[in-house]
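>>> Whatever this is, show me its structure:
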Amino acid sequence: MRTETTRVAVGTELPALEIPITRTLIVAGAIASRDYQDVHHDAELARHKGSPDIFMNILTTNGLVGRYITDCFGPGAVLRKVAIRLGAPNYPGDTMVLTGRIEELDGERGTATVRVVGANAIGKHVTGTVTVTFSGGTGGAGGAGETGGAGGTGGAGETGGAGGSSEAGGSSEAGGASGASGAGEVSGTGGTGEAGEAGGMDVAHRAHEGDEAGS
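Numbering: from 1, shown residues only. Purely as a prediction, here's the structure:
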């Protein structure tokens with residue numbers, strides 16, 4: 001839902017979006033993206049592997065980033081490319097604040113490239129860029145709506161689509177779930193404006209350099 005209007009121009013700062021990191025969001029996002037690694041749903045096993053608690057998987061983050069962009073640019077927005085890297089883990093009880101800045105703009109095609117940062121109490125959880133096509137050319141971009149739980153528009157629960165979970169430090173193909181807790185990347189192109197829905201992103205997701213905590 002668009003909550004305010006912002007002029008679309010290079011250098012424009014998009015409205016920030018605060019997302020409470022709940023245990024339910026982490027677990028639901030992992031299940032929806034078919035990532036069954038225990039560090040995303042079992043606190044005891046996560047601690048046994050050296051993590052203080054369960055933590056969000058990269059595909060849930062990917063969905064939240066995409067949702068942030070489509071909320072800002074409106075219902076006609078279509079994600080063309082999402083490329084993100086993970087940093088500080090998202091643990092339960094924290095809050096992630098997503099911010100964005102338009103770095104490139106093609107007014108004729110109505111396409112923008114946005115630099116996105118998601119920060120929590122530990123540091124930067126996610127950094128990357130999103131290329132989006134929006135209706136109305138150089139019209140306006142709206143503000144990001146309030147975050148919902150898993151399964152909200154473009155949010156967690158729509159991330160990843162079909163695919164199996166990768167082993168720690170491995171790579172995932174075509175929307176497969178990655179358990180990356182540290183640095184990792186996901187990229188994709190195409191889609192329907194919903195981040196990572198099944199069949200939404202046509203190009204294979206890739207996640208690498210992401211070791212599970214304590215693995």
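>>> mind checking the longest strand of this protein?
strand 94-106 (DSSP state E).
>>> can you pull the buried residues of that one?
Residues of strand 94-106 classed as buried: 94, 96, 98-100, 102, 105 (neighbour count, 16 or more other CB atoms under 10 Å). The way it works is simple: take the backbone N, C-alpha and C, and place the C-beta from them, glycine included.
>>> What strand or helix carries residue 24?
Following DSSP states H and E, the helix or strand that holds residue 24 is helix 23-32.
>>> pLDDT of that helix, averaged?
Helix 23-32 shows a mean pLDDT of 98.
>>> Let me see the ranges of the helices in the protein.
23-32, 43-48, 58-73 (DSSP state H).
>>> if we compare those, which one ends up closest to residue 127?
Set against residue 127 and scored by CB to CB, the helices of the chain come closest in helix 58-73, at 9.9 Å.
>>> Show the secondary-structure elements that the longest strand of the chain is packed against.
Here strand 94-106 touches strand 13-21, helix 58-73, strand 111-119, strand 124-133, going by 3 or more CB pairs under 8 Å, 6 or more residues apart in numbering; DSSP states H and E.
>>> winner for burial among the ones you listed?
Comparing the helices and strands packed on strand 94-106 by mean neighbour count (mean count of other CB atoms under 10 Å), helix 58-73 ranks first with a mean of 30.
>>> what residue ranges in this protein score low on pLDDT?
The chain contains residues with pLDDT under 70 at 1-7, 136-215.
>>> mind running it again at 50?
Filtered on pLDDT under 50, the chain yields the residue ranges 1-5, 137-140, 145-186, 189-215.
>>> circling back: mind listing what's buried along the helix holding residue 24?
Quick answer for helix 23-32 (16+ other CB under 10 Å): 25-32.
>>> and the angle from it to helix 58-73?
For helix 23-32 against helix 58-73, the angle by axes from the mean of the first three to the mean of the last three CA atoms, to 10 degrees is 110 degrees.
>>> who wins for proximity to residue 44 among the helices and strands packed on strand 94-106?
Of all the helices and strands packed on strand 94-106, strand 13-21 comes closest under CB to CB, at 19.2 Å.
>>> The closest one packs against which elements?
For strand 13-21, the packing partners by 3+ CB pairs under 8 Å, 6+ apart come out as helix 58-73, strand 94-106.
>>> Looking at these, spot the one closest to residue 12.
strand 94-106 (4.6 Å).
>>> tell me, how many neighbours does residue 122 end up with?
Burial measure for residue 122: 12 neighbouring residues, criterion other CB atoms under 10 Å.
>>> before we move on, back to that, name the residues that touch the longest strand of the chain?
8-14, 16-21, 64-65, 68-69, 72, 90, 111-122, 125-126, 129-130, 138, 141, 144 (CB atoms under 8 Å, 6 or more residues apart in numbering).
>>> Please repeat the previous calculation with a cut-off of 7 Å.
8-14, 16-21, 65, 68-69, 72, 90, 112-121, 125 (CB atoms under 7 Å, 6 or more residues apart in numbering).
>>> now that strand against helix 23-32, angle please.
Orientation check (the same axes, to 10 degrees): strand 94-106 against helix 23-32 gives 60 degrees.
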